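Enquirer: please work out how this folds:
(chains A and B)
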Amino acid sequence: MFSLSTFLDAFWPLTLAARYTLLVSGLGIALGLVIGAFVCVLALSKSRAARTVAALWVSYLRGVPMLVQLLVVFFLLPVIGINVPAIVAAVVTTAIVASAYISEIWRGAILALPRGQTEAAIAIGMRPRDTWTRIILPQAVALSIPQLINELILLVKASSLVSVVGVMEITRASQAQAGVTFRPLEAYLAAACLYLVINLCLAALGRWLEHRMAV
Amino acid sequence: MVEASSVEIRKVNKYYGDFHALKDIDLSIPPGKVTCLIGPSGSGKSSLLRCINFLEEYDSGEVLIDGKLIGYETPGGRRMSRRKLRQMRSTIGMVFQQFNLWPHMTAQENVAEGLRRVRGLRKAEAMERAAQALDRVGLSDRMANHPARLSGGQQQRVAIARAVAMDPRLMLFDEPTSALDPELVGEVLNVMKALAAGGMTMVVVTHEMGFAAHVADQVAFLDAGELVGVDAPARILREPEDPRIQSFLRTYHERNVI
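Expert: The predicted model follows:
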């Protein structure tokens, strides 16, 4: 039988654990945006070497499962003499994986702008710096909002993977809860509800941002 | 009104890969006059126009604005520095077929942008000058609108205001009315006529033969990358000698018979 009280009791420990889910995915996307911007600059560069670096970065991080990358980072860092808590390995992995997708989102948004947008700026005598900050980036960022929110939602869900290296986030906490109560269905259903609530909030945030930045 | 520029085009050649797009073009564009470039599509008239502000690089020959070579330090020599090129471009206004307004800015901000970033005006002054420029093209009641909320004709008038606000000495128009619904063409042509009457040097790539006939001081006909003829509109449009011009005009007249 489904126990409603066990189900409801599971929410408190899981909500505490949700802090780590939000920390890993939030910090992951924040760092991912910064690294992604840098990779995007390399990908759009005139230098062939820079473009190759960007292509390698993107194809490795997109082509290898995140779980495997997480394990690689987790076991690699101590080998090269970096001893950090599991949470750091989790954030680093999330950030670099996110950066690969984000750089592609931004590259796509920038290339989607009509050539005439830049030509109008060049024809008027604008500097490249102003052309980027005033004309290209504001439009590219607005265009990329739906995809960035999509990526953020994917990251929140993918953060369940970091449970395998021992970070006590929602999924790990629900496993612990199931072990203590011998009621796995209630524990995992509570976890499902929490993920859903978080992601519905993010989707709402996305719609609000899209509306605000509509051009 | 600032002084109007002259343009000298000498033996200009342009290739796209193997395709010879402009062949030894020679053309004098006198100051304060309107020159229309006409010809079939793919004849090179837009490419030639875009060579004048070096938006398109020409491969050989010279394009001189008021006697000053644009794009290269010396004929056939090193590329000119980007700073010098920007300086020259800032005195040449350009209007595009697709308007190319910046969609994330209002009409007034579109016009003010160049004044702020290129001329270095403070925001308040740039917005004030933008308002005046928009007033001159009859859009003082549309200044706060974003381009998406304007008709094609209004957008193109904003684009003209954006170029004119920079006090250019030369204006380039690349098929300014080709993307417009027929009933909106007139308002844009009227703004261009007013500009011409004010003594601006204008180079206009157009399919509007009426505009060429009534406003242009000279008409240049291009075909397959060659400059076939340059003359006063009355001569070139009414009594063309070259069979290629005759055939082009015949097609044009047939298409415009109701």
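Enquirer: from here on, contacts and neighbour counts on C-alpha atoms
Expert: Noted.
Enquirer: now the residue lying closest to A:Leu209 once chain neighbours are set aside: which helix or strand?
Expert: Excluding its sequence neighbours, the residue lying closest to A:Leu209 (C-alpha to C-alpha, 6 or more residues apart in numbering or on different chains) is A:Ile145, at 7.4 Å. Taking DSSP states H and E as the definition, A:Ile145 sits inside helix A:137-158.
Enquirer: other SSEs contacting that helix?
Expert: If you count contacts as 3 or more C-alpha pairs under 8 Å, 6 or more residues apart in numbering or on different chains; DSSP states H and E, helix A:137-158 packs onto helix A:11-43, helix A:86-112, helix A:184-212.
Enquirer: pull the residues that contact that helix.
Expert: Residues from elsewhere that reach helix A:137-158, judged by C-alpha atoms under 8 Å, 6 or more residues apart in numbering or on different chains: A:21-22, A:25, A:28-29, A:66, A:94, A:98, A:101-102, A:105-106, A:109-110, A:113, A:195, A:199, A:202-203, A:206-207, A:209-210, A:213-215, B:104.
Enquirer: please repeat the previous calculation with a cut-off of 7 Å.
Expert: Contacts with helix A:137-158, where a contact means C-alpha atoms under 7 Å, 6 or more residues apart in numbering or on different chains, come from A:21, A:25, A:29, A:105-106, A:109-110, A:199, A:203, A:206, A:210, A:213-214, B:104.
Enquirer: and these, which are buried?
Expert: For the contacts of helix A:137-158, a burial check counting by 16 or more other C-alpha atoms under 10 Å in any protein chain shown picks out A:Thr21, A:Ser25, A:Ile29, A:Ile105, A:Trp106, A:Ala109, A:Ile110, A:Asn199, A:Ala203, A:Gly206, A:Glu210, B:His104.
Enquirer: show me what contacts the third one?
Expert: Think A:Ile29. So A:Ile29 contacts A:Ala95, A:Ala98, A:Leu152 (C-alpha under 7 Å, 6+ apart).
Enquirer: out of those, who's nearest A:Tyr60?
Expert: A:Ala98 (12.2 Å; C-alpha to C-alpha).
Enquirer: against A:Ile35, how distant is that closest one?
Expert: From A:Ala98 across to A:Ile35, the span is 9 Å (C-alpha to C-alpha, to the nearest Å).
Enquirer: these two: which is more packed in?
Expert: A:Ala98 (28 against 20; other C-alpha atoms under 10 Å in any protein chain shown).
Enquirer: wait, doesn't the more buried one sit right on A:Gly32?
Expert: Yes: between A:Ala98 and A:Gly32 there is a contact under C-alpha atoms under 7 Å: 5.0 Å.
Enquirer: and the residue of chain A nearest chain B?
Expert: When distances are taken as C-alpha to the nearest C-alpha, chain A reaches nearest to chain B at A:Gly125, 4.4 Å away.
Enquirer: can you count the residues close to that residue?
Expert: Neighbours of A:Gly125 (other C-alpha under 10 Å): 26.
Enquirer: then the one 10 residues further on?
Expert: Around A:Ile135 there are 21 other residues, counting by other C-alpha under 10 Å.
Enquirer: repeat for A:Gly179
Expert: A:Gly179 has 12 nearby residues by other C-alpha under 10 Å.
Enquirer: OK, contacts around the residue lying closest to B:Ala107 once chain neighbours are set aside?
Expert: With C-alpha to C-alpha, 6+ apart as the criterion, B:Ala107 has its nearest non-adjacent residue at 5.1 Å, and that residue is B:Met143. The contact partners of B:Met143, by C-alpha under 7 Å, 6+ apart, come to B:Thr106, B:Ala107, B:Gln108.
Enquirer: check B:Ile38 too.
Expert: By C-alpha under 7 Å, 6+ apart, the neighbours of B:Ile38 are B:Lys45, B:Val205, B:Thr206, B:His207, B:Ala220, B:Phe221, B:Leu222.
Enquirer: ok, 8 Å please
Expert: Counting by C-alpha under 8 Å, 6+ apart, the residues that B:Ile38 touches are B:Lys45, B:Val205, B:Thr206, B:His207, B:Val219, B:Ala220, B:Phe221, B:Leu222.
Enquirer: bridge partners for it, pull those for me.
Expert: B:Phe221 (DSSP bridges).
Enquirer: put together TSV for the contacts of helix A:137-158, with pLDDT and distance to B:Ile65 on each row.
Expert: Listed next are the contacts of helix A:137-158 as TSV, based on pLDDT from 0 to 100; distance: C-alpha to C-alpha, whole Å:
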residue	pLDDT	distance to B:Ile65
A:Thr21	94	63
A:Ser25	94	57
A:Ile29	94	51
A:Ile105	96	42
A:Trp106	95	39
A:Ala109	95	37
A:Ile110	95	33
A:Asn199	94	59
A:Ala203	93	55
A:Gly206	90	50
A:Glu210	86	45
A:Met213	78	41
A:Ala214	69	41
B:His104	94	33
